[in-house]
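Asks: sequence first, predicted model second:
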Amino acid sequence: MKKYYITTPIYYPSGNWHIGHCYTTVICDALARFHKLLGEEVFFLTGTDEHGQKIEKEAKKRGITPLEFIEPLVGELKDMWRLLDVGYDRFIRTTDEDHVACVQKIYQKLYDSGDIYKSEYSGYYCTPCEAFWTETQLKGGRCPDCGREVLLPSFEVCPPHPEAL
């Protein structure tokens with residue numbers, strides 16, 4: 001039997017859900033249904049990326065943990081998919097224990113093979129774009145993509161994840 005795998009972007013729950021999330025997911029759902037009609041074995045994945053400075057900052061601003069901040073957002077997203085009759089096979093969260101274990105295993109394998117390594121990088125960081133820039137890439141001292149302020153991160157601003165070291 002032919003296999004068909006499809007995934008939405010793994011959505012970032014930093015605020016309100018919008019039509020773009022629905023558009024992408026409904027299209028993926030339609031494709032999954034079409035391939036099922038063709039008699040193919042289909043796996044449809046969607047979910048949320050629950051890490052990042054935007055989530056951390058918003059949670060801190062509200063005086064709650066990042067997980068407390070995203071829980072209701074994830075619930076809203078799942079409710080929306082039920083309302084739209086989206087039939088995914090798995091809803092993955094990057095905070096799921098199996099996801100964390102899998103990423104750690106891959107990271108360790110890459111580290112052990114020398115494909116990734118510990119080092120230092122100096123650059124300017126744009127939190128909204130989640131991008132690092134060199135001083136020569138900046139436009140007027142600001143992010144060349146969005147024009148917003150950039151930060152020169154320190155370990156206090158952007159600490160490495162302890163399990164990634």
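Replies: In hand now; what should we look at? The structure presented is a predicted model; accordingly, all values stated were derived computationally and were not measured. Numbering: from 1, shown residues only.

Asks: and the residue nearest the centre of the chain, how close does it get to residue 63?
Replies: Residue closest to the average C-alpha location in the chain (CA atoms, centre = their mean): residue 49, at 3.1 Å. Relative to residue 63, residue 49 is positioned 23 Å away (CB to CB, to the nearest Å). Any C-beta I mention is one placed from the backbone N, CA and C, and that applies to glycine too.

Asks: spatially nearest residue to residue 8, not counting backbone neighbours?
Replies: residue 46 (4.3 Å; CB to CB, 6 or more residues apart in numbering).

Asks: what's the burial count for the one you found?
Replies: 24 (other CB atoms under 10 Å).

Asks: need the contact partners of the one helix or strand it maps to.
Replies: Using DSSP states H and E, residue 46 maps to strand 41-48. With contacts defined as CB atoms under 8 Å, 6 or more residues apart in numbering, strand 41-48 is touched by 1-8, 10-13, 25, 28-29, 32, 35-36, 70, 73-74, 77, 81, 86-94.

Asks: got it, and stretch 87-101?
Replies: The contact list for stretch 87-101, computed with CB under 8 Å, 6+ apart, reads 10, 29, 32-33, 42-51, 67, 74, 78, 81, 103, 163.

Asks: of these, buried ones?
Replies: The neighbour-count test (16 or more other CB atoms under 10 Å) marks 29, 32, 42, 44-50, 74, 78, 81 as buried among the contacts of stretch 87-101.

Asks: using JSON lines, lay out those residues together with distance to residue 130.
Replies: Shown next, in JSON lines, are those (distance: CB to CB, whole Å):
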{"residue": "29", "distance to residue 130": "27"}
{"residue": "32", "distance to residue 130": "29"}
{"residue": "42", "distance to residue 130": "31"}
{"residue": "44", "distance to residue 130": "26"}
{"residue": "45", "distance to residue 130": "22"}
{"residue": "46", "distance to residue 130": "21"}
{"residue": "47", "distance to residue 130": "18"}
{"residue": "48", "distance to residue 130": "16"}
{"residue": "49", "distance to residue 130": "11"}
{"residue": "50", "distance to residue 130": "14"}
{"residue": "74", "distance to residue 130": "20"}
{"residue": "78", "distance to residue 130": "25"}
{"residue": "81", "distance to residue 130": "25"}
